[in-house]
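S.K.: prediction below, plus the sequence it came from.
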2 protein chains.
Amino acid sequence: MSLQETVLNTVRATHDAAADAAALPMTTKEKVLRDVARKLREGSSFLQEENRKDLEEATEKGLSAAMLDRLTLSDKVIEQTASGLEEIAEFPDSVGEITRMWTRPNGMRVGRMRIPLGVIGIIYESRPNVTADAAGLCLKAGNAVILRGGSEAINSNKAIVNLFKDGLRENGVNKDVVNLLPTTDREAILHMLQLEDLIDLIIPRGGEELIRFVAANSRIPVIKHYKGVCHLYVDAAADLDMALKLTLNSKVQRPGVCNALETLLVHKSMAEDFLSIAAAELEAAGVELRGCERSRAIASSMKKATEDDWYAEYLDLILAVRVVDDIDEAIRHIAKYGSLHTESIVTKDYAASQKFLKEVNSSSVIVNASTRMSDGYVYGLGAEIGISTTKIHSFGPMGAEDLTTTKFIVLGDGQIRE
Amino acid sequence: MSLQETVLNTVRATHDAAADAAALPMTTKEKVLRDVARKLREGSSFLQEENRKDLEEATEKGLSAAMLDRLTLSDKVIEQTASGLEEIAEFPDSVGEITRMWTRPNGMRVGRMRIPLGVIGIIYESRPNVTADAAGLCLKAGNAVILRGGSEAINSNKAIVNLFKDGLRENGVNKDVVNLLPTTDREAILHMLQLEDLIDLIIPRGGEELIRFVAANSRIPVIKHYKGVCHLYVDAAADLDMALKLTLNSKVQRPGVCNALETLLVHKSMAEDFLSIAAAELEAAGVELRGCERSRAIASSMKKATEDDWYAEYLDLILAVRVVDDIDEAIRHIAKYGSLHTESIVTKDYAASQKFLKEVNSSSVIVNASTRMSDGYVYGLGAEIGISTTKIHSFGPMGAEDLTTTKFIVLGDGQIRE
């Protein structure tokens, strides 16, 4: 069988299971999720055996320690993955929800009812726990899912998908509701991305290179998450202690993730008081600062920021710092250099908070909290399949509800068009 | 200047106006829409002069009478277009609406606020009134819009866009909020469809060929409306008179449009009573019937339906007819042959109505009303920019609200990630 046929067969089987997935009662979906969570825990030694094969091969190939760490199914990761599925199970099921209903002058009632999207394709890299998270969220929203994980995690991914299939089968559900593409050939992604009649949505999870590759080659709609150049703006009316606390947390609590702070903007009237302390605290925490001229006049230890620094997603202990004349300049800076991910303002001033909320159109706009709060779990979405930084269909952290759409329903009593 | 530069310049100017469009107060948007409506009425003789140039050229080129009719800006069309803009003005403005807000255990409040999409590209064919409808809806939702109309309507389109620009300018609004691509070269569409960093969404309006061309060549998300193979299912428990009335209206009131009925499904226990009358009434209205064996046994005047007939979007006075054993067979027929557009059930039975509403996942699912009711105006969306038959972002008739997205807003008092 050719690679193309292999891909087509798996995707077609998934597509043919989509109606079954959509019709599942919520109790069945919850039961499957809890059963798979139990299977993950009970089967942890088998999972770790399979994972060891991947780790050995990865070690031979000379993968970095960070990559090996992401690939490892430790006891802790397995427990987190299992309890993640239980959290998804507990979260309200939005399929079938009538989000609105209104009456027309002719007496006809019109409403919008939430339904699954159909078939979702997830293309991701090395973390095998994504396999369980993604499959669980798609199932919760009544979708069938076709997973294409990284080649380095193939044994781990197969083992996890088999646990899902056991859970589906034991509850009388079509096992093709969750499928793993049986080949890790990169060419297979290209074949998959042509099947617009069989897959409704593609979500790539991974580095920018993977996402751009998928977006450039897909005939299926893609939800993209390019990067997070997140800003924190310390307003003229900021509480100094809160500004320090939020800056530190946004930058250093976990610098390698997309909602970590990359550029700090400070109102000129706060610059002296705030930056003199903040620079010392950030540097004490190991952060390299790259400032504009006015910042460096206050904290001379800062390196000089270049134009490139304002665009940079460091994902590291580096922070760009700029003093601005007012909130308008801060908002313009964010519009020009930002990536539509997450921006936060620290202020005690009501008007400034409202202006920032209204005029900054990033996917998360935050008043008086850390940029690190922009996250599906923290927001209470039950889980997160990714963070969209493009505006079509979904914008920001995506939970199960973002894997649905709405259809119109009409309740009439004989209405016709005149 | 090359064609590519011409396209890029116009699109970039539109993109640079998007922040202005997004920040417009609702009163300004309403004022512009009402002013343009007035200008359309007052400038009707000028519009019709420009329109006459298009009509003369189209006549020379030998366009069909139907095409000429679609191209004509009659007094009636101008009045409808003007009052259409006034209706859009009156409709509630959803930009800034907080659709939900909830509190997290850490005291942080999280909500979703409606914001414009940004820049919308509309690619359409011969009707010049689409120019005003589309620009009005995009403006209402706070978007900038780049229009690419058919070459045969270029003079009419230019005249309408200039009225819009006058209305924008007189109200102090950036005139690049509404732009027409200054060239009708088909190649220009290809250039436009590459500009994914400048345009957020493409909506093609026209025949299937145009839509497939756009979808196949776009790097920008496209909302597609392929076709409407609409079904009406006459259930075992249907009211006979209502079934007749809805069948006739769905098929003959305007057969050339996408929500017209194409296949009639009849429960076997109703077939004899219903089809003997319905066939005669439909034929009296000029409808050619193509039936399955069981239908033809009741109404022998029917032609024999082939497999192709079940897939057909006739857009004409032709109707496929099939007798089914039960509601499950009807639902399976719709799932197999339908186009996810609009399906209607006629029934007095509560359980059948609920089953149909739940299990049919087309963009409009109707109980006891004509398929012709699936329409943005009829549903009360204020207007309609198209009907999406794909599920991403929007599914079914799209009004101004479907040209928005939501961002997350967070109101904190110092929350950090632990």
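M.R.: Arrived safely, thanks for sending. Note that the structure is predicted; figures quoted are calculated from it, not measured.
S.K.: does stretch A:251-262 reach chain B?
M.R.: Yes: using Cβ under 8 Å from any Cβ of the partner chain, stretch A:251-262 reaches chain B at A:Gln253, A:Arg254. Using the backbone N, CA and C atoms, a C-beta is placed for each residue, glycine as well.
S.K.: contacts for that stretch, please.
M.R.: Stretch A:251-262 has contacts (Cβ atoms under 8 Å, 6 or more residues apart in numbering or on different chains) with A:225, A:227-232, A:247, A:250, A:264, A:282, A:285-287, A:312-317, A:319-320, A:341-342, A:364, A:370-375, A:387, B:416-417.
S.K.: show the buried residues in those.
M.R.: A:225, A:227-232, A:247, A:250, A:264, A:282, A:287, A:312-314, A:317, A:319-320, A:341-342, A:364, A:370-375, A:387, B:416-417 (16 or more other Cβ atoms under 10 Å in any protein chain shown).
S.K.: among these, which lie within strands?
M.R.: A:Cys230, A:His231, A:Leu232, A:Leu264, A:Leu319, A:Ala320, A:Thr342, A:Ser364, A:Ile387 (DSSP state E).
S.K.: list just the nearest of those residues to A:Tyr379.
M.R.: Nearest to A:Tyr379 out of these is A:Ser364 (Cβ to Cβ; 8.5 Å).
S.K.: quick check: bridge partners of the closest one?
M.R.: Partner residues in beta bridges with A:Ser364, using DSSP bridges, are A:Thr342, B:Phe408.
S.K.: okay, it: pLDDT?
M.R.: pLDDT recorded at A:Ser364 is 98.
S.K.: kindly report the same for A:Ile387.
M.R.: 93.
S.K.: same thing with A:Leu357?
M.R.: Confidence score, pLDDT, at A:Leu357: 97.
S.K.: which residues touch it?
M.R.: A:Val365, A:Val367, B:Met113, B:Ile409.
S.K.: can you select the buried ones among those residues for me in ChimeraX?
M.R.: To isolate the buried ones among those in ChimeraX, judged by 16+ other Cβ under 10 Å, type:
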select /A:365,367 /B:113,409
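S.K.: looking at the contacts of A:Leu357, which is nearest A:Gln354?
M.R.: Within these, proximity to A:Gln354 (Cβ to Cβ) peaks at A:Val367, which comes in at 8.9 Å.
S.K.: mind checking the SS state of the nearest residue to the closest one once chain neighbours are set aside?
M.R.: Spatial nearest neighbour of A:Val367, excluding adjacent residues (Cβ to Cβ, 6 or more residues apart in numbering or on different chains): A:Ser353 at 4.7 Å. Using DSSP: H, G, I helix; E, B strand; the rest coil, the three-state assignment for A:Ser353 comes out as helix.
S.K.: and A:Ser353, what does it touch?
M.R.: Contacts of A:Ser353 (Cβ under 8 Å, 6+ apart): A:Ile345, A:Thr347, A:Val367, A:Asn368, B:Leu411.
S.K.: state whether A:Asn368 is indeed within a strand.
M.R.: Yes: judged by three-state DSSP, A:Asn368 forms part of a strand.
S.K.: and the pLDDT at it?
M.R.: 98.
S.K.: with A:Ser74 instead?
M.R.: So A:Ser74 comes in at 96 (pLDDT).
S.K.: look up how far B:Lys348 lies from it.
M.R.: Counting by Cβ to Cβ, to the nearest Å, the separation of A:Ser74 from B:Lys348 is 60 Å.
S.K.: can you check A:Ile122 too?
M.R.: For A:Ile122 relative to B:Lys348 (Cβ to Cβ), the value is 44 Å.
S.K.: one more: A:Thr27?
M.R.: 31 Å.
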